[in-house]
Each structure stands twice: as structure tokens, then as C-alpha cells.
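Chemist: sequence first, then the predicted structure, then my questions.
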Amino acid sequence: MKKLEYDLVVIGGGPAGLAAALEARKNGVKKILICERAPYLGGILQQCIHNGFGLQYFKEELTGPEYASRFIDAVEQSDIDVKLGTMVMEILEDKKIISVNREDGMFEIGTKALILAMGCRERTRGAITIPGSRPAGIMTAGTAQSYVNLEGLIPGKEVVILGSGDIGLIMARRLTLEGVNVKGVIELMPYSTGLIRNKVQCLDDFNIPLLLSHSIVEVHGKDRLEGVTIARVDQKLKPIHGTEQYISCDTLLLSVGLIPENELSSKLGCEIDTVTRGPVVNEKRITNIPWVFACGNVLHVHDLVDNVTQEAEIAGRAAADLINQAAAEVEKDVVIRHDQNIGYVVPQHIDALNNKEKTVKFFLRVKNPDEHVRLVVKDNFDQVLLNLKKTIVEPGTMVTFNLPRELVTKDTSSISISIAREQAE
Amino acid sequence: MKTEVLIIGGGVIGASIAHQLAKYNLDIILVEKASDVCMGTSKANSAMIHSGFNIDGGTLKGKLALAANKVVKQLCQDLDVDLVKPLGSITVGFEESDLEKMKKTMENGIKNGIQGMRLLDQQELHEMEPHLNPEAKYGLFEPETGIINPFEYTVALAENAVINGAKVMLDTEVLDIMIENKTVKGVKTNKGNIEAKVIINAAGLYADKIAAMVEDIDFEIKPRKGQYFLYDKKWGNILTYTIYSAPTKVSKGMIVVPTIDGNILAGSNAEALEDKTDLRTTAEALDQIYTSTISHLFPELPRMGDVITTFTGLRAASSNEDFIIEAAKTVKGMINVAGIQSPGLTSAPAIAVMVEELVRAQNLELDFTPKANYEKGRKAPVMLAELSYDERNALIEKEPAYGEIICRCESISKGEINDAIHRPVPATNMDAIKRRVRAGMGRCQGGFCGPKVLDILSRELNISPLEVTQKGNASFVLAARNKELPLAEGDQKNEKIRI
Ligand SMILES: Cc1cc2nc3c(=O)[nH]c(=O)nc-3n(C[C@H](O)[C@H](O)[C@H](O)COP(=O)(O)OP(=O)(O)OC[C@H]3O[C@@H](n4cnc5c(N)ncnc54)[C@H](O)[C@@H]3O)c2cc1C
Ligand SMILES: Cc1cc2nc3c(=O)[nH]c(=O)nc-3n(C[C@H](O)[C@H](O)[C@H](O)COP(=O)(O)OP(=O)(O)OC[C@H]3O[C@@H](n4cnc5c(N)ncnc54)[C@H](O)[C@@H]3O)c2cc1C
């Protein structure tokens, strides 16, 4: 078996992997290898041919492939090695990575540090068990996106979309522009789970109805899908008897959520957060295994690629510190807690003594939509560190805030974050 | 077209019969209406090789199951099919009355010649299966039950028959049977007529319909539905043995079992039906199975989340609940193999031997001399995941496609998918590939590799991507190419959902 040696290996050549590798290079890491399973770099962005990428990071509006190409060009101009068509099969505890491709066969890579950037996968029908027959014509919105945007093939002529996730909304518009009749989007929750801008630009502008508090209770058809039965759901999300309606369609697209792709990480022994379903990390994106870092959708599902890039840069810098032996020796762990209105917070803990970066950026998702709330950050002395006003919060849009480093002292042992309705004066 | 032996049905029974008769100098055609073998009941069941401990040894199905248990290990070895046997089973009880039933079952098992059965006390039960509901009190251990992958098994049987000269015709449906002078002459199919000296009816749920094409029959096949949950491999360690719940009034013979591939399979209920095509799963039944059995036996197993899929199997129940394996009463050259419900998968090799005897007894001028160059095995497909790194490298060096991973969840290479398309019984659609190599069987259920598998199928079969099907017939995966559909048609064609 062939054996290679690198200082840093990055698994995944999507926006996270690319930015992490570039940032590590910038910070002095010499021998870097990106392993990418696909025959091209760019990850999921290559099938996102719509625009809306880069508004925060580049302050201009790009398509997915354009956004990706900025990083791909930079990688190609650098001395970062890239192996395409290369699937990482296993990560071993002794800092070795087993990969496979056509040219090298199964081969081993030794490394000093590893960045996980494998992205996420879509939830499927089985995972949510819709009853009914098993006809052709049911696929995830992302699979449909790959057929249409990468292969030039259209999955069906009459489409119903289950789930108001962003990919489903984007595909509603994309398919309409191809002459497909998108009959509507069915959402179980009483609110849309995608970004507001996607609901407006992809559904409202094309008169595609969004049915909130609805679900698909049965699928029909033997060979190819013939229709679905939808029904309204009650507050407990159970279908209400008598509200069933049959909708004929030949295609059902599922846009019911994304799940970080952490099989490799779990097998290695990374601690996985049961809510984010990504590794538990500190603000440097270090997992519980000191030489393993994680960023991008493998860590938690982001809704903006700009955030992915920034997060990947943090991981890239931290990996460089480890490799250059510039990482602080002593650490003091501060646990991040949150109240029940918040679904999750990343990072899950921070190091009080790390003073390289001026601020710590936090990402969180609320559990339910709300208006006029206050986001309050306190330390273990009940001292209010931040008190921020948020006009609208909703689960589909990530909430971010920066905590100035100077507010975290060597005596801080925990930080708690809460979100609550503003009290009337 | 002309043959000597015509077998109707490419389930495990038809394939076993083809495999058995291919040992002799006979011309054999097996016709299957679906686009692959193993598309009926044989692909949706509990996948257990029942030892026979809980079956009435006096019935035909009991006798054949016990006989098959003696030969199945050698058979699977010859065909290079994975079989875990003995694995063993535990019947789990919660009530005093369960214990009484278990004692009776044990007596029955001993009568059937099963050795090594014993009752377990609560402590031993939980030592053997630590994830069982702590309230479970009684156990009956039986050492012989095994598990198999029914797809792999059926495909292997059919492939071996093809290697030995039999012909498998897929997408071929028998529409009628031709008879002259009270003797069968052949079948009419959607692909034309096929003359034959003997016809073997192994049509599963439709065996009554086929038998009735020949004469009036005194049996009827009624479908009885069973629904299942299939759990992600990450739950694979929750149990060691195949687990039966003690029969209750509402559910009888529910199981939670490991599969050959390391998943957990749990089911199934029994619902009498009329419609032989009703493969729907229903929320009510799934809820009921989950509450009454799955969570009752293994409280840690979730209702959703790690459930990879749910599915339905249809038992082909005959009016007398036993197998019906006999020659037609008034017409020569017709053998019916009907009512093959559980344990049909187990009994298949013994059923095939019995069918051979029935065919011989028809005295039809058939040449039963053994084939001179008979191959008892087949070359099992390459499964990279089962090979050492060095073995994989040797293969990749010869054929780089084995180094190109297509299915990321199950790590299946392009080479393995190409092989499946060019096997003796070829995989010609998405689901057929899935069953042979498990591409698309993993966590993402084909989300990532679907478009790639479709592309490979279209290239290797030299058909348009639009002609690729999910599971044969009109189950096309795609509808058009970009820019082919007319934009914004009239209101009627552009109708939206209204509430
Ligand atoms: C179908 C889909 C559509 C999306 N659409 C949008 C959108 O319109 N707008 C938006 O802002 N965000 C979108 N997202 C979210 C988007 O994924 C992120 O914004 C961003 O692409 C995440 O970057 P990433 O690098 O973490 O993951 P990805 O872009 O998914 O990249 C991960 C890479 O890792 C590779 N990989 C995985 N496992 C291995 C392995 N074992 N070995 C080698 N390589 C491996 C994959 O091939 C992939 O190239 C979408 C996500 C999906 C799944
Ligand atoms: C819920 C359930 C659980 C079970 N569990 C077990 C178990 O654990 N162990 C066990 O031993 N057994 C089990 N069984 C029983 C076992 O699955 C069956 O006995 C076995 O699969 C029957 O095989 P078959 O070939 O007769 O039927 P099938 O697999 O249904 O094959 C019949 C074939 O005939 C074809 N056909 C029908 N009509 C025509 C026509 N006109 N022309 C051409 N082709 C035609 C069909 O397409 C089909 O492929 C179970 C069954 C069920 C339903």
C-alpha cells in the first residue's frame, strides 16, 4: 500500500475544505493535501447555479460555482496538493488516513492535523417514514438539483415539494423555469423552515403556494408516482382527520432537512452533539480529539456559505497553530450553556486563555420563531456580557453574534445564552 | 420459442427449482414478469432460516423446512452466499402464560429433532441480550435459527441455473397456458409463445391464477400483509440473536432480528387483504408494531430517525394454510407450487427436490441424466468491502473502476456496479443495482449516488437516461431533458394546490 506524509490533510473540497486549506497555507503550513471524493472541487456549490452567494464575504452577489471558483483558483495557484476522485474511507487513531482512488488504489496518508469538511447529506423519505407505496418519482430536492443542474435532466412534470427547506424552495423556482408545474410546497411546521428571502423570491414571485401545518399522509402509484394525499396537522403535528386532499403529481421532492456527514468522525471517536449532529468543538473548531478540527456543514448545517468560509478559516488558523506548535499550552475550558428557546449553540465550549482572536463568533438556532426578543449572554457570576435586540428570530435563519474576548476572564467557568421576549417597559 | 421445462416465477422458489433441474440435461426457461428476479415476496420477508423448532412437523411445510435445514449450509457454501447459521433465537416472554407456551414450543422443537433448546431465567435472558426491556422475564433459547440475504440467495440460485444453461427471461409475463389433449403445450406471454413439455407454477401470490388457467382448482391464495422497520447499522449491536416475541392475541410471531448486512429488521404484523398488489405501509400498522413489539422488546430503538426504511411483505396464504405442491389433477405436465408462505425461504431447496420428483413422476420423456460439465457453484460478485486492502489494490490495479467510489454510504465502487450490470442475471434498473451491490441502500438511500448509478446504467445498457427505470416497467426515474418542456402552459395545466 502506498504511503504519503503531510502536515495537514483536509477531507472534502467544498467551500469549507478549500477555505480551511488556504488559511492554513497562509499561516505557514507547508504540506497540505485536500482529498475530494468528486471529480471536481467546490462541493455542493457546483450544483447551486442560482445567485445569492457571497453577499457577506465578498460584498457581491455570486452564483455557487462563481463563489467556489474564487477559492478553487487560489488553491490551484498555491502549492496545496489536491487529490480528486478520492474517497476517505477511514481515519485511524494514530493520525493515519486511509483513502482510495483509481490511480493510487487504497493508500495511507500520515498527517499532523486533520480538518473534517465532509459537508452534509439530505434527510430521506425512509428516515421520516411516509406511508404508502414505493413508486419511482420520489427523491430529495438536492438529488433533483443535481439532475437538473449537473446532468440537464428533469425529474418530472408535476411536482409537489415536501418541506420548506432552502433547497426545496430553490428547486421550486428552478423547475418552474424549466416548464415544470410545481403545485405547491407542504410544510409540517406552522412556519417556513427556509430563509425568508428564498420564500419570497422562489415561491411568492411564482405564485407557488406554501401550505404550512400540512403533511403528506400517503403516496400513491405503482410504477411511477401518481399522487399524494395531504392533510392539515394539529398542534401536535398529527394529521387532522377529514382534512385529507388528493393531489395528483408525478414527482415528490423532499426538502426535510440536512444531516452532517459524520460517519468517519464518529468511527474515529469524535464526540457528536446530539442536536447539531456534528462534532462538539471549541471556538477554534477543535474536536475532542486534539489533532482533529471540523468546519462547514459537517459541523452544523449553515444556511449561508459565507459563514462556512469564515468558520473554515478559523479551523485553518487553529490547525496551523497546532502544526507550527504555536498553540497555547495551557487552556481553561469555559462551557457554553443555553436556555430552552435555543436549539443549539456552536461552539459548545471555549478556551478562556486563548487571546489570539479579539472576538468569538457564536452561531445559534432558535427552536421557534419569535419577534422582538433579547439575546442575553451572562457569565457564571451572573454578569451580563451582552444584551442584544433581535427583531425577528426563526429556526430557518442562523443567529450569530460576536463576544469580545476581553469579557471572558481567567475566572470565567461558564457562559449562558438566553433568548426571551422583550419585557414591556 | 421452445423449451422442455418452463418455470413461472423468479422468486426464491422458482429460482431453487431452476437450480435443481439445471443439474440434468434439460432445457429450462424461467419467466419472470418483473424486471428482475426476487421482486415478489422473496425480497420482503424476515430473511430467517427457520430451524423448525416452532413449526408443526406433521405439516408439509414443517417436513420440508426440517429437510431443508440439513442441506442449506452446503448449498450456500457452493453458491458463495452469506448465511449465518447457526445463530440461534430467543423467544421472549413477559407473563407467566408466556412461559407455559414456551414450554409447549420447546416440546415441539424437541419432537422436531432440534437439540440444545433451553429455558432462560430472567438473569440469563438479560445477560444474553442486555438491551432487552428489563421487564422481560422469560426466555426460550434455540440454537439453530439462521439468517440469510434473500436477494443474494435468490440471485445466486438463478445465476447458477443460467451458468448451467438455463435461460432467465425477465419482463416476461405468462398470460395463458396452452393445452392440447389434456397435456400442457406451453405458455402465452407478452413476449410471445413458449412451447414446453412441463410447466412449473411458482408464481407466488398468483399461483392460484396460473393454476386456474389449466383446470378448476380447489384452493385460493390470499395475501396477508406484514410490515417492517429497517434500522440503521448503528443499531446493529443492540441484539445478538434473532428475537421472537411470545405470541399474544394481537400479534403472533413478531420478530426483531439482525440482518446479514448488520442492520436490524423488526416486524411484522399480519393483515388479511384482498388486493395482491397492496404493498403500502400504513401509519396505524407501523405505530402498532412499534408500540406493541419494537419498543416493548427494545425500548432504545426509535420510532423514527434511524429508520432507514419501512416496507411490506405479502404472505401467499392458501386456504388450508399449508404448502400445496402437486401435479394438476386433470392435465398432464403441470406442477403447482402454491401457498408458499413462511417458511418458504427456508424450505426452498427441499421444495425444489420435491418438485423434481413430481416432474419425474409425470413420465414426460425428459432426459434426467446429470449434466457432464455441471458447475455446482458460481463466482460471487466482487465485494470490495469484504476484501483486505492488499486484495483491493490488486483488483484496482487491474481495473481502476474498483477504485472509484460511487455510493458514499456503503462505499460501493463503479467496478462493482458495472459487474452487476453484466452478471448472468443482469441488473438493469436502479433497484436491481441496489439489491445486488447495496448502492443506495445506505443512509442517504441513493440521494448522492442515484444520479451516478443512473448515468452508469444508461451508458452500460446503451439507453437514454430517460429510459432508465427505478424498478422496471414504466417506473422511469426522469421525465425530460432541460429545455424540452414548454414554458408556462394554460391555467389548467398549471394548476396549483388550493385549500
Ligand atoms: C443539496 C444542497 C443544496 C444546497 N444549496 C445551498 C444554497 O443554495 N445556498 C447556500 O447558501 N447553501 C446551500 N447548501 C448548503 C451548502 O452545502 C453550504 O453552504 C456549503 O456548500 C457547505 O460547504 P461544505 O464545504 O461544508 O460542504 P459541501 O459543499 O457539501 O462539501 C463537502 C465535500 O466533501 C466531500 N466529501 C464528503 N465525504 C468525503 C470523503 N469521505 N472523502 C472525500 N471527500 C468527501 C464531498 O464530495 C463534498 O465535495 C446546500 C446544501 C445541499 C446539501
Ligand atoms: C412478512 C413475511 C415474512 C416472512 N418471513 C420468512 C422467514 O423469515 N423465513 C422464511 O423461510 N420464509 C419467510 N417468509 C416466506 C417467504 O418469503 C416466501 O415463502 C417465499 O419468498 C416465497 O417465494 P416464491 O418464489 O413462492 O414467491 P415470490 O417471491 O412472490 O415469487 C413469485 C414470482 O412470480 C412472479 N409471477 C407472478 N405471476 C407471474 C406471471 N403471470 N408471469 C410471470 N411471473 C409471474 C412474480 O412476479 C414473483 O416474482 C415470509 C413471508 C412474508 C410475507
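Modeler: Yes, it's here. Residues are numbered from 1 along each chain as shown, chains lettered A, B, ... in the order given. Ligands and ions are numbered 1, 2, ... in the order given.
Chemist: can you give me the helices in the stretch 201-350 of chain A?
Modeler: Here the stretch 201-350 of chain A has its helices, by DSSP state H, counting those that start in this stretch, at A:263-268, A:305-323.
Chemist: packing partners of the last one?
Modeler: If contacts are counted by 3 or more CB pairs under 8 Å, 6 or more residues apart in numbering or on different chains; DSSP states H and E, helix A:305-323 sits against strand A:8-11, helix A:15-26, helix A:64-77, strand A:113-116, strand A:292-294, strand A:359-366. C-betas here are computed from N, CA, C, even on glycine.
Chemist: to B:Glu127, which of the ones you listed lies closest?
Modeler: Closest to B:Glu127 of these is strand A:292-294 (CB to CB; 36.5 Å).
Chemist: was I right about B:Asp431 contacting B:Ala34?
Modeler: No. Counting by CB atoms under 8 Å, B:Asp431 sits too far from B:Ala34 to count as a contact (10.0 Å).
Chemist: which residues do the two both contact?
Modeler: Both B:Asp431 and B:Ala34 are in contact with B:Lys471, where contact means CB atoms under 8 Å, 6 or more residues apart in numbering or on different chains.
Chemist: would you mark the buried spots in stretch B:147-165?
Modeler: B:147-164 (16 or more other CB atoms under 10 Å in any protein chain shown).
Chemist: any part of it near chain A?
Modeler: No. Applying CB under 8 Å from any CB of the partner chain, one finds stretch B:147-165 separated from chain A by no less than 15.3 Å.
Chemist: avg pLDDT for that stretch?
Modeler: The pLDDT scores in stretch B:147-165 average 97.
Chemist: is any part of that stretch close to ligand 2?
Modeler: No. Figure legend: stretch B:147-165 not in contact with ligand 2 (CB under 6 Å from any ligand atom); closest approach 6.8 Å.
Chemist: can you give the distance of that stretch from its chain's centre?
Modeler: Centroid separation for stretch B:147-165 versus its chain: 11 Å, with CA atoms, centre = their mean, to the nearest Å.
Chemist: export only the CA atoms of that stretch, formatted as PDB.
Modeler: The C-alpha trace of stretch B:147-165 is given here as PDB (Å, rounded to 0.1, in the frame of the first residue of the first chain):
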ATOM      1  CA  ILE B 147     -30.200 -15.500   8.800                       C
ATOM      2  CA  ILE B 148     -29.600 -15.000   5.100                       C
ATOM      3  CA  ASN B 149     -29.800 -12.200   2.500                       C
ATOM      4  CA  PRO B 150     -32.800 -13.400   0.400                       C
ATOM      5  CA  PHE B 151     -31.900 -11.200  -2.600                       C
ATOM      6  CA  GLU B 152     -28.400 -12.600  -2.700                       C
ATOM      7  CA  TYR B 153     -29.700 -16.100  -2.300                       C
ATOM      8  CA  THR B 154     -32.300 -16.000  -5.000                       C
ATOM      9  CA  VAL B 155     -30.000 -14.200  -7.400                       C
ATOM     10  CA  ALA B 156     -27.300 -16.800  -6.700                       C
ATOM     11  CA  LEU B 157     -29.700 -19.700  -7.400                       C
ATOM     12  CA  ALA B 158     -30.800 -18.200 -10.600                       C
ATOM     13  CA  GLU B 159     -27.300 -17.300 -11.700                       C
ATOM     14  CA  ASN B 160     -26.100 -20.900 -11.100                       C
ATOM     15  CA  ALA B 161     -29.000 -22.100 -13.200                       C
ATOM     16  CA  VAL B 162     -28.000 -19.700 -16.000                       C
ATOM     17  CA  ILE B 163     -24.400 -20.800 -15.800                       C
ATOM     18  CA  ASN B 164     -25.600 -24.400 -16.300                       C
ATOM     19  CA  GLY B 165     -27.600 -23.500 -19.400                       C
END
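Chemist: ok so, going back, can you tell me which of the buried residues of stretch B:147-165 are in helices?
Modeler: Of the buried residues of stretch B:147-165, the ones assigned to helices by DSSP state H are B:150-163.
Chemist: closest to chain A out of the residues you listed?
Modeler: Closest approach to chain A among those (CB to the nearest CB): B:Phe151, at 15.3 Å.
Chemist: the helices of the stretch 201-350 of chain A: which one's closest to ligand 2?
Modeler: Closest of the helices of the stretch 201-350 of chain A to ligand 2 is helix A:263-268, at 29.3 Å (criterion: CB to the nearest ligand atom).
Chemist: from B:Val37, how far off is the residue in chain B that ligand 1 sits nearest to?
Modeler: Residue nearest to ligand 1 within chain B: B:Arg408 (6.2 Å; CB to the nearest ligand atom). Computed as CB to CB, to the nearest Å, the B:Arg408 to B:Val37 distance reads 28 Å.
Chemist: residue 77 - how many residues pack around it?
Modeler: In the absence of a named chain, this looks at chain A. Per other CB atoms under 10 Å in any protein chain shown, the neighbour tally for A:Gln77 reads 8.
Chemist: wait, chain B was what I had in mind.
Modeler: Residues near B:Gln77, counting by other CB under 10 Å, number 12.
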